[in-house]
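1. pasting the sequence and the predicted coordinates here, then a few questions.
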Amino acid sequence: MDLSIANIHGIEILDSRGSPTATMEVTPGDGTIGAARVPLSAMYRANIANGRIDGRKPGGTS
């Protein structure tokens, strides 16, 4: 069984209200496909809009 990663494909889709969802597909070397769809939370979007990642401002300050 070859579990090395052969391909990763990710996209962002928007629902009818404009809310984003991250969609990922991973294909290991044996050819099976794993997929996941994860809605991006309002908190994450707010942090991105304010230039914050993990609660920090750009440059590592809080």
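-> In hand now; what should we look at?
2. give me phi/psi at Met24?
-> Main-chain dihedrals, Met24, degrees, to the nearest 10: phi -130, psi 140.
3. ok, how many other residues are close to it?
-> If you count neighbours by other C-beta atoms under 10 Å, Met24 ends up with 13. C-beta coordinates here come from the backbone N, C-alpha and C atoms, glycine included.
4. same deal with Gly31?
-> Around Gly31 there are 8 other residues, counting by other C-beta under 10 Å.
5. how far away is it from Gly18?
-> 35 Å (C-beta to C-beta, to the nearest Å).
6. chain neighbours aside, what residue packs nearest to Thr27?
-> Residue nearest to Thr27 in three dimensions, not counting chain neighbours: Asn7, with 4.2 Å by C-beta to C-beta, 6 or more residues apart in numbering.
7. correct me if wrong: Leu19 contacts Pro39.
-> Actually, residue 19 is Ser. It isn't Leu. Yes: using C-beta atoms under 8 Å, Ser19 is in contact with Pro39, at 6.6 Å.
8. ok, the residue nearest to Thr27 - contacts?
-> Residues in contact with Asn7 (C-beta atoms under 8 Å, 6 or more residues apart in numbering) are 25-27.
9. quick one: which of the residues you listed is nearest to Ile11?
-> Lowest distance from Ile11 to those (C-beta to C-beta) belongs to Glu25, with 9.0 Å.
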